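> Here is a sequence with its predicted model. Questions after.
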Amino acid sequence: MISRLRGLWDYRELIGNLVARDLKVRYKHSVLGFVWSLLNPLLLMTVFTVVFTVMIPNYQVPGFPVFILCALLPWNFFNTSVMGAVQSISGNGHLIKKVYFPREILTIASVLANFCNFLLSLPVLIFFVVLFRIPLTVWLLYLPLIMLVHVVFTLGVALVLATANVFYRDTTVIMEVVMQAWFFLTPIFYPIDLLPEWGHPLGIAIPVRRLTYILNPMASIIASYRSVVYGFTNGAPPAPPAPDFLLRTALTCAICFLIGYAVFTHYSARFAEEV
Amino acid sequence: MTVIRLDRVAKCFHIRPDRPRSFQDLAIGFVRRAQRPADEEFWALKDVSFAVDAGETLGIIGANGSGKSTCLKLLTRIIEPTTGAIQVQGRVSALLELGAGFHPELSGRENVFLNGSVLGLTRREMVRRFDDIVAFAELERFIDVPVKFYSSGMYVRLAFATAISVDADILLVDEVLAVGDQSFQEKCLERIHELKSQGTTIVFVSHSLDAVRRLCSRAIWLDQGLLQEDGLTEAVVTRYLRHVHAREEAEALRRREAEAEPVAEEHPAVVPAVTASESDGAEPESPPGQPPPQELAEEPVRRYRQRWGSREAEIIEVRLLDADGRDSLALTTGQPMTVCIRYRAHQRLEEPVFGVAIYRDDGLHMGGSNTYLARFPIPSIEGDGEVTYTIAALPLLEGTYYLSVAIHDAAEGSVYDYHEFSYRFRVYLGEVQERYGTVYIPGHWGHAVAEGALSEEAGA
C-alpha cells in the first residue's frame, strides 16, 4: 500500500490536470462561476441566522453568522466531495475502460477539486469574522492541520463510496439521504454544548455528547474549525483544540482513510469490468 | 531483449445476469432468499504464453470472441489476469479507443494536455510536442475551440495525434485505423510504420488481415482463448484463413444436410416423380393441380444462380478436388485443381461438349475451357458418367471465385444443361506469395552480375 501511495506521486501531474478540468468545467458556463458556489452556504447562513436569532430567539449565540459559516463551509466541502466522489469512478467509465492509471486518482482529484473550492471560500469567512468583530488570533495557523485531517477523512469516505457505487448504483441515492441525516446529526447549526452529557432514550443511559464525538469524526473536525476561527458560544475568544482531542481525531481519520484505501484497492482491479 | 512476456495467462469473466446491481436488489434478495443461479464463467483467455522482443511488430488475429482485445487490455493493465503473469517493460501507449479521455467542455488545447498527462507525460514534455500534434491533426484553427463543437473526424484526428506522439516504447493498436477518412487512415498507418522503423514495439490487433500482413513481421492466432499459432505473419495468416474456410465449409455442409433431410422425408409422397437422389440437381415437378412445395421450389434458386437447358443430359454433381484429390472448396494458388462433372444423359447424345468457366466474385471472367476448344472430343454419351477438367497449377490469386459448368451440343448450339455462376470456391495463397494483379503468372527470376563488378566483389 505504501508503494502504491508513493506511485501516486508520479501521477501528480494527472491529478493536477484533473482538478483543473473539474474546476474549469464547473466555472465555464457561468460568468459568476465561483460566486455561485458561494451562494449556497451564504444563503443557508442567512436562513439559519434568521431562524435561530429572529424566529426562535431561544439561545443567543454571539456572532451567529460566523458561528454557522465556519461550520457550514467545511461541511459543504465534505458534502460536495462525497457526492462528487461517489460518481468519480462510475462516471468515468470511458476512461477506466480505455486507459490505465491508478484508479484512485479520479476520486482523489474529485475531492481535491472541491477542496480548492473550499480554500477559495475562506476569504469570505475571514470577511465575516472581521465584520462581526471576532478577534483574528494566531490560532488560525491551526487551520492547515485541521484541513489536512479533514481531507484525509473525506478521502477515506469518498474511496469507499466510489467503490460501492461501481457495484451498487443506488449508492448515490442512498447517500443523498444519509448526508442530509449526517448534516443534522453534526453540530453545525447548533452548538455542541446544547447536547446533554447523558441521554436516556428507552431507559438506557447514553453519553450523548461523547458518543457524538466518537462516532462522528465530522463533529470533532467541525468543533476544531469552530474553536480556532470563531471561539466559543459563551463569547470566549478562539483557542486551539486540545492536543489529545486533535490527535484522537487525526488518528480516527487516518484509520478511516486506510480502511477506505484498502477497500478501494481491493476492488479496483474489477472496475474496468464493472463500470 | 524481451519487453512483453505473457506467462500462462488466463482471464475469466464472470457473467452474472442476476447479480444485484443496487442495494435495493441486494435487500430484496435477502428478504426473498431467492435462489441465485450459479455464476457463469467465460474464459476469454486460457493459458496463453508468448513473448515480444523490443522492436518487434506483432499482429494478433482471430475470430470475434477469440480473446484478441482481452489480450490487449491485459497488456495495458486496464484489466488484470485471473491467473498467470504479465510483464511489460517501458512506456505503453494504447490506441484503443481514441479520445477516451476528452472532455467536451474543454478546448482542444486543454484536452491535449489532459490526455497527455493521462498517458503519463509531464507538462513540459507535452509543450514540446504540442505543435507537432496540432499540425498532424490539421487543427491549427480550431485548437482553442471546445471539443464538443468538433466534428467526429476532427475529434479522432486530435486523439490519434495525441496518442501517437507520446514516444511510447510499446504501442498497442486495436482496430483504430477503421476510423477517419481514407487519407487520414493512410497518414496514421504511415506514422505507425515510421514508429516501427524507429524501433517501437507494436502489438496490432485487427480484423484486416491485409493490414496485419503489411505491418507485422510476426503474428499469433488466437482461437477461443487458446494460442493456435505463433510464427511468421504469412504462414500464420494462411493457416488461419484455411481454418476459417474449413469451418465455413463444414457449416455450409451441415446447413445443407439439415435442409435436405426434411425434403427427403416429407416430399417423396407428394412428388413421386423425383426420388431423393435425383432431387439433387433436378427441378421438382409438381403433380398437376397442386402448387409446388415451397422448400423444393426454393432450393435450386439458392444452389444455382441460373440454370437452363433442354435437360436431355443433366449435370448431377460438380466437385472440386485439391492437389491430394480430396473434395475441397479451398484451393491453393499454384497447386493443381480438378473439376469433376458427373452427368446423366437421358438419351444417347452425339458429340456433346462440356465446358467450364471461372469468374471472380466481382463477375470478371477469369477464363475457362471446353472440350471442343481443347480438342478433346467425346463421341457420344448415354447414361451416367464423369468428365474431369484438371488445371495443373491454379493461376488464381487469393479470393472468392465462381464456376459455371455446362453441357451443350456443339453442332447445333443447343444447350442441354447450363449451371451459370453456380459453384463457389475460395483460393488461398500457399507457397506462392504473390498477390498483385489478377492472376498468378509463374515465372523465374535470374540475376547476372557484370564481370568487373563480380571480380570487385570477390576481391572485397
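Yep, it's here.
> Might you report the residue contacts of residue 217?
Picked chain A for this. Each residue near A:P217 by Cβ atoms under 8 Å, 6 or more residues apart in numbering or on different chains is listed here: A:F153, A:T249, A:T252, A:C253, A:C256. Glycine gets a C-beta too; all of them are placed from N, C-alpha and C.
> Correction: the question concerned chain B.
B:E56, B:T57, B:L232, B:T233.
> what about 6 Å?
Counting by Cβ atoms under 6 Å, 6 or more residues apart in numbering or on different chains, B:S217 makes contact with B:T57.
> what's the answer for B:A211, then?
B:A211 neighbours (Cβ under 6 Å, 6+ apart): none.
> Next one, pLDDT for it please.
At B:A211, the predicted lDDT confidence score is 79.
> thought B:P352 was touching B:I381?
Yes: the pair B:P352 / B:I381 is scored as a contact, 5.5 Å apart, by Cβ atoms under 6 Å.
> Distance of B:R344 relative to B:I391?
B:R344 is 25 Å from B:I391, where distance means Cβ to Cβ, to the nearest Å.
> Please apply the same query to A:I259.
75 Å.
> Low-confidence stretches in the stretch 51-200 of chain B?
Residue ranges of the stretch 51-200 of chain B with pLDDT under 70: B:97-101, B:175-180.
> excluding its backbone neighbours, what's nearest B:D132?
Of all residues not flanking B:D132 in the chain, B:S165 sits nearest, at 6.1 Å (Cβ to Cβ, 6 or more residues apart in numbering or on different chains).
> hang on, the earlier thing: now render the contacts of A:P217 as TSV, adding pLDDT.
TSV is the format used below for the contacts of A:P217 (pLDDT from 0 to 100):
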residue	pLDDT
A:F153	97
A:T249	93
A:T252	94
A:C253	95
A:C256	95
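> In helices, which of the residues you listed fall?
A:F153, A:T249, A:T252, A:C253, A:C256 (DSSP state H).
> Widest-spaced pair of those?
Spatially, the most separated pair among the ones in helices among the contacts of A:P217 is A:T249 and A:C256, at 10.6 Å (Cβ to Cβ).
> ok, residue 185 - how many residues close by?
With no chain named, the answer covers chain A. Here the count is done by other Cβ atoms under 10 Å in any protein chain shown, and A:L185 has 13 residues near it.
> um, chain B though
B:Q185, neighbours per other Cβ under 10 Å, totals 16.
> ditto for A:S81
Look at A:S81: counted by other Cβ under 10 Å, it has 26 neighbours.
> which ones are touching it?
A:S81 touches A:V111, A:N114, A:T154, A:A158, counting by Cβ under 6 Å, 6+ apart.
> okay, now the last one: neighbour count?
When you say that, I think you mean A:A158. Count around A:A158 with other Cβ under 10 Å applied: 28.
> Could you do the third one as well?
Burial of A:T154 is recorded as 29 neighbouring residues (other Cβ under 10 Å).
> where does whatever residue of the stretch 101-250 of chain A ends up closest to chain B fall, phi/psi-wise?
Residue nearest to chain B within the stretch 101-250 of chain A: A:D170 (3.9 Å; Cβ to the nearest Cβ). Here is the backbone geometry of A:D170 (degrees, to the nearest 10): phi -90, psi 10.
> ok, and the closest non-adjacent residue to it?
Once flanking residues are discounted, A:D170 sits nearest to B:S22: 3.9 Å by Cβ to Cβ, 6+ apart.
> where does the closest residue to chain B within the stretch 1-150 of chain A land in three-state SS?
Residue nearest to chain B within the stretch 1-150 of chain A: A:K98 (3.6 Å; Cβ to the nearest Cβ). Under the three-state scheme (DSSP: H, G, I helix; E, B strand; the rest coil), A:K98 adopts coil.
> That one against B:S93, yeah?
No: taking Cβ under 6 Å as the definition, A:K98 is not a contact partner of B:S93, at 11.7 Å.
> Compare the two (neighbour count), which wins?
B:S93 (24 against 21).
> Between the two ends of stretch A:268-275, how far is it?
11 Å (Cα to Cα, to the nearest Å).
> what about that stretch and chain B, touching?
Yes: counting by Cβ under 6 Å from any Cβ of the partner chain, chain B is contacted by stretch A:268-275 at A:A269, A:A272.
> coming back round to it: any common contacting residues for A:K98 and B:S93?
What both A:K98 and B:S93 touch, as defined by Cβ under 6 Å, 6+ apart, is an empty set.
> circling back to that earlier point, let me see the contact set for the residue of the stretch 101-250 of chain A closest to chain B.
A:D170 touches B:S22, B:F23, B:Q24, counting by Cβ under 6 Å, 6+ apart.
> Distance of the closest residue to the last one other than its chain neighbours relative to A:R103?
In other words, B:Q24. Spatial nearest neighbour of B:Q24, excluding adjacent residues (Cβ to Cβ, 6+ apart): A:D170 at 5.5 Å. A:D170 sits 21 Å away from A:R103, going by Cβ to Cβ.
> B:E248 too?
42 Å.
> neighbour-wise, which of these two wins?
Neighbours around B:E248 and A:R103, counted as other Cβ under 10 Å, are more numerous at A:R103. The numbers are 25 against 13.
> can you map out the helices along the chain?
Unless you meant another one, I'm taking chain A. If DSSP H is used as the criterion, the helices of chain A fall at A:2-10, A:12-28, A:34-49, A:64-86, A:93-96, A:104-131, A:143-167, A:171-185, A:208-215, A:217-229, A:243-268, A:271-274.
> not quite, I wanted chain B
For chain B, applying DSSP H gives helices covering B:23-32, B:68-76, B:108-118, B:123-137, B:152-164, B:182-197, B:209-215, B:233-266, B:294-303, B:451-459.
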